[in-house]
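The sequence and its predicted three-dimensional model are supplied below.
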Amino acid sequence: MPLEVTLIDYARDPLTKLYGAYRTCYTPKTPAEVWAEIGDGRIAPATIRDFIQERLKTGHASPLEQVVFWFGISGVSRSLSHQFVRHRIGISFEQQSQRYVKYKEERLDYVTPKTWEKTPGMRAEYDRLMAEITRVYQLALERGIPAEDARFVLPNATPTNFQVMVNFAELLHIADLRLCWRAQWEIRHMVALMRREIVKAVPEIGGYLQPKCGDKRMGYCDEPVKDWEQCPIGKVRPHKEQIFELFRQYKSGHLVPLGEDDLRKVEDAGNEE
Ligand SMILES: Cc1cc2nc3c(=O)[nH]c(=O)nc-3n(C[C@H](O)[C@H](O)[C@H](O)COP(=O)(O)OP(=O)(O)OC[C@H]3O[C@@H](n4cnc5c(N)ncnc54)[C@H](O)[C@@H]3O)c2cc1C
């Protein structure tokens, strides 16, 4: 069963909602007046987009909680779902039940990490174990053990499905953590697919979904230096230690703004009289 992410829906006119939310903060006008201006076209869509882009550069993030998305997610492992449901603010989950849904297939479906496939001999071991788990699970159901107890033998690899409602502020936070190379591969892949869906649907804000080191997010890596050195995008994103080092140099006077004297020093260097 492949991992699938579908953007089921999003709250109507997300950019206008965002504009209304931000504008309410910065104008003496009432929300009714702001929305009347939007409604009769006095505020052009381009103005809305530009205004939002400027606000997104700031740390004023609470209006982003007013933009809401719904996703359908299937074929992810219970190993992923344990991680996913740890996010507890601004996100609601409905997950397939192992009490009400019995796995009736001849062979229990399961997610297989590539490392098991690539390691010689281990794929066969994995499949053998899953077949044995399936046999014991089915036997338990046949003998009258209720599904809620039969499931105790099911592995972390068992697939599960979600319907999720999440606001954009929380999605940014989830992307910060889970698009990071240090996140586990399966949840990283799932959040990458969620990101792609939003980029397609609302590109004006979708591009802000980045790992925390991204230029639109914190901008630097705060993970252990050893991990940053191995990260595939470590070469293009700085580590916080580098930034602090630069700051230390600056504070100790080794790094000062260029003055006219400095410019004179290089003006004729190499071509002196
Ligand atoms: C690479 C990685 C490794 C991890 N390893 C482990 C592990 O070994 N063991 C483990 O148990 N978990 C682990 N986790 C899970 C992690 O500890 C969090 O539970 C998970 O990332 C959910 O994120 P969050 O706490 O920011 O919750 P969210 O709900 O996404 O939080 C949203 C925001 O609200 C704030 N917030 C939420 N609740 C509170 C509160 N009660 N008080 C104050 N502020 C709050 C958070 O600080 C956050 O800024 C790991 C996560 C990652 C990304």
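Looks like it came in fine.

Find the nearest non-adjacent residue to Ile52, please.
For Ile52, ignoring the flanking residues on the chain, the nearest one in space by C-beta to C-beta, 6 or more residues apart in numbering is Leu18 at 5.4 Å. C-beta: built from backbone N, CA, C; applies to glycine.

Same question for Val202.
Going by C-beta to C-beta, 6+ apart, Val202 has Pro14 as its nearest residue, at 5.4 Å.

didn't Val191 look like it was pressed against Gln184?
No: counting by C-beta atoms under 8 Å, Val191 stays clear of Gln184, with 10.6 Å between them.

So between those two, which is more surrounded?
Neighbours per residue, other C-beta atoms under 10 Å: of Val191 and Gln184, the larger number sits with Val191, 23 against 12.

Name the residues of the protein found near the ligand, please.
Residues of the chain lying close to the ligand (C-beta under 6 Å from any ligand atom) are Arg86, His87, Arg88, Ile89, Glu170, His173, Leu177, Arg182, Ala183.

ok, now with 5 Å
Applying C-beta under 5 Å from any ligand atom, one finds that the chain approaches the ligand through Arg86, His87, Arg88, Ile89, Leu177, Arg182, Ala183.

Quick one, which of these are buried?
Using 16 or more other C-beta atoms under 10 Å as the burial test, these include His87, Leu177, Ala183 as buried.

Next one: the first one relative to Met218, how far apart?
By that I understand His87. 18 Å (C-beta to C-beta, to the nearest Å).

With the last one instead?
Summarising the geometry, the distance separating Ala183 from Met218, computed by C-beta to C-beta, is 15 Å.

The residue nearest to Ile52 - that's part of a helix, no?
Yes: counting by DSSP: H, G, I helix; E, B strand; the rest coil, Leu18 is found in a helix.

Touching, it and Arg49? I think so.
No: Leu18 lies out of contact with Arg49 (C-beta under 8 Å); the separation is 10.0 Å.

what about those two, which has more around it?
Neighbours of Leu18 and Arg49, each counted by other C-beta under 10 Å, are more numerous for Leu18; the result is 24 against 14.

Quick check: pLDDT value at that one.
At Leu18, the model reports a pLDDT of 95.

Relative to Leu171, how far out is it?
For Leu18 relative to Leu171 (C-beta to C-beta), the value is 13 Å.

what's near enough to touch Leu263?
Shown in contact with Leu263 (C-beta atoms under 8 Å, 6 or more residues apart in numbering): no residues.

Let me know the secondary structure of it.
Look at Leu263: counting by three-state DSSP, its state is helix.

burial measure for Asp222, as a count.
The number of residues near Asp222, taken as other C-beta under 10 Å, comes to 12.

Distance of the residue nearest to Ile52 relative to the ligand?
Taking C-beta to the nearest ligand atom, to the nearest Å as the measure, Leu18 falls 19 Å from the ligand.

Please apply the same query to Ala21.
Counting by C-beta to the nearest ligand atom, the gap from Ala21 to the ligand is 19 Å.

What of Asp261?
47 Å.

quick one: pLDDT of that residue?
Looking at Asp261, the pLDDT reads 85.
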